[in-house]
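# Got a sequence here, can you model it:
(2 chains)
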Amino acid sequence: MQFMLLFSRQGKLRLQKWYVPLSDKEKKKITRELVQTVLARKPKMCSFLEWRDLKIVYKRYASLYFCCAIEDQDNELITLEIIHRYVELLDKYFGSVCELDIIFNFEKAYFILDEFLLGGEAQETSKKNVLKAIEQADLLQENFSSQSPHNCLSTP
Amino acid sequence: MSDVVEKTLSALPGLFDSQTGAARITSRLRQLVKSITELTSKNEEESLIKQELSSMKEQVSSPNTSMMREIMVRAMYCEMLGYDASFTYIHAIKLAQQGGVLEKRVGYLAVSLFLNEGHELLLLLVNTVLKDLQSTNVIEAYMALTVVAQVFPKDMIPAVLPLLEDKLSYPKEIIRRKAVLALYKFYLIAPNQVQHIHAKFRKALCDRDPGVMTSSLHIYLQLITESPDDYKDLTGSFVTILKQVVGGKLPVDFNYHNVPAPWLQIQLLRILSLLGKEDRSTSELMYEVLDESLRRAEMNHNITYAILYECVKAIYTIHPKAELLEKAARCIGNFVLSPKINLRYLGLKALTYVVQHDAKLALQHQMTIIECLDHTDFTIKRETLELLFRITNAQNVTVIVEKMLDFLHGCSDEHTIIHLVGKVAELAEKFAPDNSWFIQTMNDVFSTGGDLLQQDVPNNFLRLLAEGSESKEEDDQLRLYAVNSYLTVLKGDASHLPQRFLQVMSWVLGEYAHLQESVDQREVIRLLTQLLDQRSVSSETRVWILSALTKISEGQTDLILDLAESLSSSQDTVLRQQAQELRQLSQDSQLYEWVLPRGAPWDSMEVDSSLSFLDGFVSEALAAGAAPYKPPHQRQEELCEDRALNLEPYSFSLPVSLSSCSITDRQSPTLLSVSSGLSGNSTELSQKAGSSTLILEGVKRVWGRDGYLRQNETTAPPVDEPSAAVQPSGQQEAAERLEPQPEPSTQNQDKLQLASSLFVGLGAGSSMSLLGKSEAPPPRFRKKPRPHESSSSSSSGTSERSSDSSSRSSHSTTDSFLYGSLLEEEPATSISAFSHTPKSSTANGLAQNKDTKEDRRANTSQILGGDMVIVRPNTFQDKHPSLVSSDLTALLPADLKDLPHSDVISLTSDPSLSLSSCRLFRDEALLLVILISNCTETVIKDVAVQLTCEELETASLRGNVMNCLEGNSTSVCHYALLMDEPHTNVSFTGTVSYQTQPGHTNTLSFSGTLSAADFIRPLVVSTEEYGKLWLSLSHDVKQNLKLLTDASDPLRTTLNALKDALQLHVVDIIGSEGIVACRLLSGAPCLLHCRVNGAALAMWLRSPHPALPDCILYHCQRALAQH
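Just a heads-up that it's a prediction; the model follows:
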């Protein structure tokens, strides 16, 4: 996967993760172009889009568009399911997720994404394992806030 | 702003209170988001963010890390909105370095979001990562791994690699998993750095945790994509894993919508298809599991379709199995017929993939395809066209191209246009039914594709026109059609036409306008001149137009002079230059005829790349004191030598500057040099420069022998074309298939009609074999084979020819050379008595004739550059045991004594005369020296030697007739012998007639044998030259020879023995193989390839001459047997 973008129906970027090194200028250009193209598509149209030499796979969940760029030989359907799995993870974590959760807790959304996809590849496909990892880190965060010693997880 | 956001904003306080930890971090962020939400314009947002950023700048140096955390989050938010917060980057690194675990997490996240792989600040992160990787805290190690797997400086990989390797055996699987992914990342950015840990990848593949194993598959997919052959042994493992996954052996956690580990399955299917591609035995291992996968994936859910799709692709990629193919084809049907548009898209994609193997599948789904063609969704339409492109043949090309062009006209996406226009051009060239269609289609291509068009499209088109096919008449018809068509276009409004199209038109008009006799050339000139005046025409195009005008200007001096006049004040120097040329040419018809000969075929143009016609000019200039020309490399060397000036900006490369000058900088002193030099340059350039720019600018001779860009080989048509006889049945079948359809409405009828025209030629008539493709009918525009396309065959031809001619010419020149050089001396050298010789010979430094062979070898090899062996085979030693005293060699003339030579052997003798001979090895001939010694005290008169040999060409050089031979003296007589046809051994006979007393003639006859080895000379070539020559040689002989096994290095010893026996040149010895080269005098070469094969030496000889290898082989055998 080359990158993942989350944006609202109004075209506001909510999350961006780039797995290929690009300059800020390029990133901005791509984002602008893609948001425009995807928003212009009608609801009954298919979720795939040939764009430059890439394939764009997008899906809308409520007011949010999830949009991934993959290479031509990649499987579009599984990418669609990656998006879905990510939404499931967010949903589970936030408890019926909405756009606001992502706006106000976007760093959490990043943490979850990093646990699920790493370097553009699906890292952990077990929902349980992803959430366990996030919860462990969060737990630590809580513990830290309550000044507990920080080696609580060092022993397996 | 979003309604949802606005509605929910009122509920915000409650929302955040419910999230204790998060609320603290996001309090400031919340404010920020909230205030941004309330804004109405972009301007307000900008000023607010500006304010926010400046307040962050003030706070950023605060030592309070929890505050930093909050600032980082806001900075990330600002960056996401598109504002620059780069001043926080360094603080993100600091936070990751100094903060507690909590801050680290945010710090690392910020780093991974802010910094690209190449960012210089990343170096500062390395230490932190190293520290955290060694931390006893799992969370720290795990955060470090997460960041390493995303961004890490390439150069610092070695520092962190050992730690990562350790992590591969860490007890916690999450750490192992991340370590594997980090290594995958390293492999992607620096493959050679992780080469040594491939074994550890295998360990990861066998990990007990499915997550770790899945992660390792990313690496394997990459590795196998690059070199599938290296991993065939793992096929079994992958198959087993897939079997287990499909059989539901993994923990339920990995299920996704009740499908076991779909990501893992897809990854494995891809790996298997790569491994099984074109490999029957490997493919056989996976048939069963593929079948199982197809069977298991029954549920109607996206994820099963994703797996099915990958399965189908795998089945069509690996070695085919009929049963599986059938199932896969059915499966595609499910996709294509699905009401879900996403599945339908994938079905089209799958079809596009499989029609390459089985075009009939498209036929089964023709109605769906036609529906998709009219689909409102751009993506579906485009994919359908892609599919149609694959099934295009000579019968349906017009319909398909029409569809593609329709689509193009309504399309505005650059990438799509470029892509599709290229395909249309390809189809048009391949399948065009007639001239008018072809030209019309290409016109459409040029006007639609505009200046986005790939450069090779116009290049190919012009090449096609210029080179033509076998029949000149047809070519001219096509050209004529093009001319007519362009004249019509130009008569209309040409201002909107793309530059490329104008360039193509002007080139064609320039070349072929004369074919159209009914149109006045003045009209053509007028149209082109009109074009020149248009503002929208670019200066590059103007050059094309002017070149075209130059070509058709003949006889229209008045018009041309006007034009040249008007352009001579142009701002553009190139145009001014061209106008100048134009004026000159139009005034001098002889010059014109010479520069631009009318109707000369494109390949008859010879480019004088050596610019020899300038020789006179150059020598005059040199005489006038000009500095001599130095080739670029020499200049560069001189520049390098001049250390003081060796600065970067000076290192220029002339060819580049030359070629870039070819258009713009043409102020050469004479017109001639311009045109010829120019064409030379652009020819070179177009060979080199690929498709960057077409610098041909319409100068006719640019289409010279090598002048065209090498055409990108168009992919073979994926679909077979039925022969003409079969075509009706194909149509019929298409029609039959359609019959069962219930009562078609008129709309349906249209579709049916379309279907029959689209899918014609794909029917059963075009019996498809899965792998082999039946022969396609000849394309309409068959290109002439390009000279260098058939390089292998023609080069062998030419090399043979050239070697033939060189051998032929060599002996004629040798003769004259030998005569010329040797006969200048006195006709007979008579060396007086033996008693005098020692003195004179020592005086001449001939003492070495008594020396050992070694000395002589050393001596001569010095002269010969060390490569030539001087000690000659003495194949007659057994026959002529009477070795003459080596003193006789001293009698050799001084100019020959340094040549490698054999020992002197006695030929024959009688009471008065004794004859001996010596062979001297010149490069171009064998010199036979016959020494005639007078054994008596009295003078012998009228000595005449006659030598004959049927197989050899003989030429007497000197000394064959002597008036008198003093008593006890020796005379020398030389013959030059040439061997044209190789013979293993040849014998010569001769007679010496002499008079001891006046009137009494005695005759002494002699004979001898020469071997082919005497005529073999080393051929000094480099390994590369050897390789090239080898491929060009036709006659080969293979034989096993004895290997001299007594030495430590048998190959080298054997080759040295051969080298000593026959004058061979050992080119190279690599391992157990050696390559050796020689030739027959200066004629036909013979290459020997020797390989140690057990106790034998497998020798493989190649030569342009059929008999030479046998001959050499014979002597090799002999030499080794004698050894």
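# list the buried ones in stretch B:492-510?
B:494, B:497-510 (16 or more other C-beta atoms under 10 Å in any protein chain shown). Using the backbone N, CA and C atoms, a C-beta is placed for each residue, glycine as well.
# Same question for stretch B:1033-1043.
B:1033, B:1035, B:1037, B:1039, B:1041, B:1043.
# What mean pLDDT does that stretch get?
Averaged across stretch B:1033-1043, the pLDDT comes to 78.
# how far out from the middle of the chain is stretch B:915-929?
The chain centre lies 48 Å from the centre of stretch B:915-929; the measure is C-alpha atoms, centre = their mean, to the nearest Å.
# Leaving aside the residues adjacent along the chain, what's closest to the residue in chain B that chain A sits nearest to?
Nearest to chain A, among the residues of chain B, is B:A306, at 3.6 Å (C-beta to the nearest C-beta). The shortest distance from B:A306 to any non-neighbouring residue, by C-beta to C-beta, 6 or more residues apart in numbering or on different chains, is to A:L77 (3.6 Å).
# Can you classify the one you found as helix, strand or coil?
For A:L77, the secondary-structure state derived from DSSP: H, G, I helix; E, B strand; the rest coil is helix.
# Contacts only, for the closest residue to chain B within chain A.
Per C-beta to the nearest C-beta, A:L77 is where chain A lies closest to chain B, at 3.6 Å. When the contact criterion is C-beta atoms under 8 Å, 6 or more residues apart in numbering or on different chains, the partners of A:L77 are B:302-303, B:305-306, B:309, B:342-343, B:346.
# Just those: which are in helices?
Using DSSP state H, the members of these that fall within helices are B:302-303, B:305-306, B:309, B:342-343, B:346.
# These into CSV, with extra columns for pLDDT and distance to B:V424?
Output for these, formatted as CSV (pLDDT from 0 to 100; distance: C-beta to C-beta, whole Å):
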residue, pLDDT, distance to B:V424
B:N302, 86, 34
B:I303, 89, 37
B:Y305, 90, 32
B:A306, 91, 33
B:Y309, 92, 28
B:N342, 90, 28
B:L343, 90, 29
B:L346, 90, 25
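# Give me the number of neighbouring residues for residue 37.
Assuming you mean chain A. Per other C-beta atoms under 10 Å in any protein chain shown, the neighbour tally for A:T37 reads 16.
# not what I meant, chain B
Quick note: B:T37 (other C-beta under 10 Å) scores 14 neighbours.
# What separation is there between it and B:D476?
Counting by C-beta to C-beta, to the nearest Å, the separation of B:T37 from B:D476 is 73 Å.
# Check B:S237 too.
For B:S237 relative to B:D476 (C-beta to C-beta), the value is 65 Å.
# just how off-centre is stretch B:138-153 within its chain?
The answer for stretch B:138-153 is 41 Å, by C-alpha atoms, centre = their mean.
# Who are the packing partners of whatever helix or strand B:S54 lives in?
Per DSSP states H and E, B:S54 falls inside helix B:42-59. Using 3 or more C-beta pairs under 8 Å, 6 or more residues apart in numbering or on different chains; DSSP states H and E, the elements in contact with helix B:42-59 are helix B:20-38, helix B:65-80.
# tell me, what residue is most central in chain A?
Of all residues in chain A, the one closest to the mean position by C-alpha atoms, centre = their mean is A:L113, 5.2 Å from it.
# surely the residue of chain B closest to chain A meets B:I266?
Yes: using C-beta atoms under 8 Å, B:A306 makes contact with B:I266 at a distance of 6.4 Å.
# Between the two, which contacts overlap?
Common neighbours of B:A306 and B:I266, using C-beta under 8 Å, 6+ apart, are A:75, A:78.
# which residues sit in contact with the residue lying closest to B:L223 once chain neighbours are set aside?
Counting by C-beta to C-beta, 6+ apart, B:L223 lies nearest to B:Y231, which is 6.4 Å off, once chain neighbours are set aside. Counting by C-beta under 8 Å, 6+ apart, B:Y231 makes contact with B:220, B:223-224, B:275.
# that older thread, what does the helix holding B:S54 contact?
Contacts of helix B:42-59 (C-beta under 8 Å, 6+ apart): B:32, B:35-36, B:39, B:67, B:71, B:74-75, B:78, B:81, B:83, B:85, B:87-88.
# again, 10 Å this time
B:28, B:31-32, B:35-36, B:38-39, B:41, B:67-68, B:70-72, B:74-75, B:77-78, B:81-85, B:87-88, B:91 (C-beta atoms under 10 Å, 6 or more residues apart in numbering or on different chains).
# can you pull out the helices in the stretch 401-550 of chain B?
Counting by DSSP state H, counting those that start in this stretch, the stretch 401-550 of chain B has helices at residues B:414-431, B:435-449, B:456-467, B:472-491, B:499-512, B:521-533, B:539-552.
# buried stuff in the one helix or strand B:V945 maps to?
According to DSSP H and E, B:V945 maps onto strand B:940-948. Applying a neighbour-count criterion of 16+ other C-beta under 10 Å, one finds B:940, B:943, B:945, B:947 buried in strand B:940-948.
# for stretch B:298-316, same thing?
For stretch B:298-316, using 16+ other C-beta under 10 Å, the buried residues are B:301-316.
# Could you do stretch A:44-51 as well?
Judged by neighbour count (16+ other C-beta under 10 Å), stretch A:44-51 contains these buried residues: A:45-51.
# Looking at those residues, which are in strands?
Those of those mapping onto strands are A:48-51, per DSSP state E.
# Rebuild these as JSON lines, extending it with distance to chain B and pLDDT.
Converted to JSON lines, those look like this (distance: C-beta to the nearest C-beta, whole Å; pLDDT from 0 to 100):
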{"residue": "A:F48", "distance to chain B": "6", "pLDDT": "91"}
{"residue": "A:L49", "distance to chain B": "6", "pLDDT": "89"}
{"residue": "A:E50", "distance to chain B": "6", "pLDDT": "87"}
{"residue": "A:W51", "distance to chain B": "8", "pLDDT": "86"}
